[in-house]
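**Student:** 3D, please:
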Amino acid sequence: MLKPKINAKRILIFNVNWLGDVLFSTPCIRNIRHNYPDSYIACIIPSRCYLVLKDNPYLDEIIIYDEKDRHKGTLAKFAFVKFLRHKKFDTAFILHRSFTRALICRLARVPKIIGYYTKKRSLFLSEKITPPLKNSCHRIDYYLGIIEKAGLRVEDRALDFFTSEDDKKIIHDFLRQQAIDEKDFLVGINPGGNWLPKRWPREYWAILADRLICDFGAKVIITGSPQDMALVKDIQHLMKEKPIIACNIFNLKQFASLSQKLDLFVTADTGPLHIANAVGSKKIIAIFGPTSCAITGPYPDKNVTIISKDIGCKIPCYVVDCKDNRCMKAVTVDEVLEQVNPVRKDGVF
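**Tutor:** Numbers count the residues shown, from 1 in each chain. Alright, predicted model coming up:
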């Protein structure tokens, strides 16, 4: 096996901030491990993303860095630098284009700091990687590009997400308590999203859930994070039928185990979409609006149907305070249901 050109014994991966993006970084983590099977590898992530990497066998350590919370102040950042300095990392791969992350690694006296070149942080990088053109590649390939251009081998690009038998048992017990068995057509819907323009209208979700229950005899489970509780309650109030509410009940690991039991999962472009896909959910319908499936779409996509409408706006669009949300409103309930019918006719359910 050829050795990578960078000699590294204690490796630090400074990761990105969002759940879906951290999941997209898992091929990068695995490929770094393949290049350095005997090295010590740690990864820095925010606490909200901890469960994405928990139990990842390619990491020796997960380090929490909350730049907007416990590490917000200058003194907290210097304490974090001191902590890293004692770890004596010799190589850092910075997946984020952040100036602060590069500075932290330099202050922590990491000799080799590798990341995409930006003018502001170029002095801190020992290996300046030329970034791809903006929005020219999928996030998976964006992160893999850092290590590949640094001379490491990239063997594959599959996502990793690991669950335990305890997680599976929790879901088994939950479904039994809800009187759900293997004969039921079990559908999960995930109405939330980390920013509002990516959300399908709540009244659409309510109509979809009612139609799934009435027209298909489905058992519908509404999933979501604690921040989605108000949204889920609104949807429940708008519905005529009775869904099963699983919002703020399961952690990410347990949600992943639930998604493996679903016959269908309907969601927007969110972290749960990519978790469900990573663990092999049977069938996923993903509603895309302001984001581009070429950049943040699910991979692999063999079990995924993506629905999006061209309404004349530039995609991707990152106008987080968009007032009309036309791109999401343009996707109708009937268009989503059309993607359910062929699955049932094929006898999958």
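**Student:** how about low-confidence regions in the chain?
**Tutor:** 1-3, 341-349 (pLDDT under 70).
**Student:** how does it divide into domains?
**Tutor:** Domain assignment for the chain by automatic domain parsing gives 10-149, 166-345.
**Student:** To Arg157, which of those lies closest?
**Tutor:** Arg157 lies closest, by C-beta to C-beta, to one member of these: domain 10-149, at 4.6 Å. C-beta coordinates here come from the backbone N, C-alpha and C atoms, glycine included.
**Student:** any idea how far that closest one is from the chain center?
**Tutor:** Centre-to-centre, domain 10-149 and its host chain are 16 Å apart (C-alpha atoms, centre = their mean, to the nearest Å).
**Student:** How far does that domain stretch from one end to the other?
**Tutor:** 20 Å (C-alpha to C-alpha, to the nearest Å).
**Student:** again, but for stretch 50-63
**Tutor:** 9 Å.
**Student:** residues in contact with it?
**Tutor:** When contacts are defined by C-beta atoms under 8 Å, 6 or more residues apart in numbering, stretch 50-63 is touched by residues 19, 22-23, 26, 29-30, 32-33, 40-45, 64, 84, 160-164, 251-253, 271, 275.
**Student:** now with 6 Å?
**Tutor:** With contact meaning C-beta atoms under 6 Å, 6 or more residues apart in numbering, stretch 50-63 is reached by 19, 22-23, 29-30, 33, 40-44, 162, 251-253.
**Student:** Give me the subset of the residues you listed that lies in helices.
**Tutor:** Judged by DSSP state H, the subset of the contacts of stretch 50-63 located in helices is 19, 22-23, 29-30, 33, 252-253.
**Student:** quick check, nearest of the contacts of stretch 50-63 to Asp90?
**Tutor:** Tyr40 (9.7 Å).
**Student:** coming back round to it: which one of the domains of the chain lies nearest to Pro4?
**Tutor:** Smallest distance to Pro4 across these (C-beta to C-beta): 4.6 Å, for domain 10-149.
**Student:** thinking again about what came up before, mind putting the domains of the chain into JSON lines with mean neighbour count?
**Tutor:** JSON lines is the format used below for these (neighbours: other C-beta atoms under 10 Å):
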{"stretch": "domain 10-149", "mean neighbour count": "18"}
{"stretch": "domain 166-345", "mean neighbour count": "18"}
